[in-house]
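Undergrad: how would this look folded up:
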Amino acid sequence: MRILLVEDTHDVADAVVTSFGRRGDAVDHAQTRLEADDLLAVQRYDVIILDINLPDGDGLSLLADQRREGNATPILMLTARLEVDDRVAALDRGADDYLVKPFDLRELEARVRALARRALRDPDAGSVINYADLSVDLAGQTASLSGAALTLTRREFSLLEALLASRGRVISKEQIFERMFSFDETDVGMNAVEIYIARLRKKLEGGRVAITTLRGLGYQLVAHE
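TA: Below you'll find the model as predicted:
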């Protein structure tokens, strides 16, 4: 999952980036409204975590601008404001959720995962996605094939999550790379996708789900009878 964090408080930002990074998510961090605008101009995100108070503007104005431009990416607002009116204002301008500081990182992770799932599928469904004999718990970050648990690294799970989100459709190597790695990971090359594809493909052997390669187009997660 690719996340944009817009937060100017360094200790909060470092904790959030580290927390999601441990789960295999790619997090781009912007400290200002201007930095966030630059990132949003070149990159699509699965979820945006947006602080209301920014050094060069109000997070609510960034929220409103994104919705006005037709960006439907789920946005969770972080706020130190306890007043109900402030939270209502955020929701009215198009925020999908909010969290009051200080917060527990586990709750933030759970809320972000819920928003990402909601954007991909039925919001009333749970966190488990079943595809043929593959079962994936997005919240618990566990997967099983034909009832047997799969041992996946955080990057392999991130790749499986990306493929599952586009199951039955082709997803390009570039799109996978963007979901798995942040701008800060400059030492990672595009060939890393091929390496992780090979590893995950091997772990899916013996089941009814497979990763197919469409030369020049990308990859596809398919289910066989």
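
Undergrad: Ser166: what's it in contact with?
TA: Counting by Cβ atoms under 8 Å, 6 or more residues apart in numbering, Ser166 makes contact with 175, 220-221. Using the backbone N, CA and C atoms, a C-beta is placed for each residue, glycine as well.

Undergrad: let me redo that: Glu178
TA: 2, 26, 43-44.

Undergrad: Make TSV from those and add neighbour count and secondary structure to it.
TA: Formatted as TSV, the contacts of Glu178 follow (neighbours: other Cβ atoms under 10 Å; DSSP: H, G, I helix; E, B strand; the rest coil):
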residue	neighbour count	secondary structure
Arg2	22	strand
Ala26	25	strand
Gln43	14	coil
Arg44	12	coil
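
Undergrad: Could you pull up phi and psi at Thr142?
TA: phi -130, psi 160 (degrees, to the nearest 10).

Undergrad: mind listing what it touches?
TA: 136, 149-150 are the contacts of Thr142 under Cβ under 8 Å, 6+ apart.

Undergrad: please redo it, this time with the cut-off set to 7 Å
TA: If a contact means Cβ atoms under 7 Å, 6 or more residues apart in numbering, then Thr142 has Ala149 as its contacts.

Undergrad: just to revisit the earlier point, ranking the contacts of Ser166 by neighbours, who comes first?
TA: Counting neighbours by other Cβ atoms under 10 Å, Leu221 leads the contacts of Ser166 with 24 neighbours.

Undergrad: Check for me that that residue belongs to a strand.
TA: Yes - assigned with DSSP: H, G, I helix; E, B strand; the rest coil, Leu221 falls within a strand.

Undergrad: What's the separation between the residue lying closest to it once chain neighbours are set aside and Asp51?
TA: Leaving aside its chain neighbours, Leu221 sits nearest to Leu163 (4.1 Å; criterion: Cβ to Cβ, 6 or more residues apart in numbering). The gap separating Leu163 from Asp51 is 32 Å, by Cβ to Cβ, to the nearest Å.

Undergrad: Run a quick neighbour tally on Leu138.
TA: Neighbours of Leu138 under the rule other Cβ under 10 Å: 23.

Undergrad: where are the low-confidence patches of the chain?
TA: Flagging of the chain using pLDDT under 70 yields the residue ranges 81-82, 119-126, 186.

Undergrad: just to revisit the earlier point, show me which pair in the contacts of Glu178 is furthest apart.
TA: Within the contacts of Glu178, Ala26 and Arg44 form the most distant pair, 12.0 Å apart (Cβ to Cβ).

Undergrad: what sits in contact with each of those two?
TA: With Cβ under 7 Å, 6+ apart as the test, Ala26 and Arg44 reach no residue in common.

Undergrad: Which residues in the helix ranked longest in the chain does the neighbour count mark as buried?
TA: Longest helix of the chain, by residue count under DSSP state H: helix 105-120. By neighbour count with 16 or more other Cβ atoms under 10 Å, helix 105-120 contains the buried residues 108-109, 111-118, 120.
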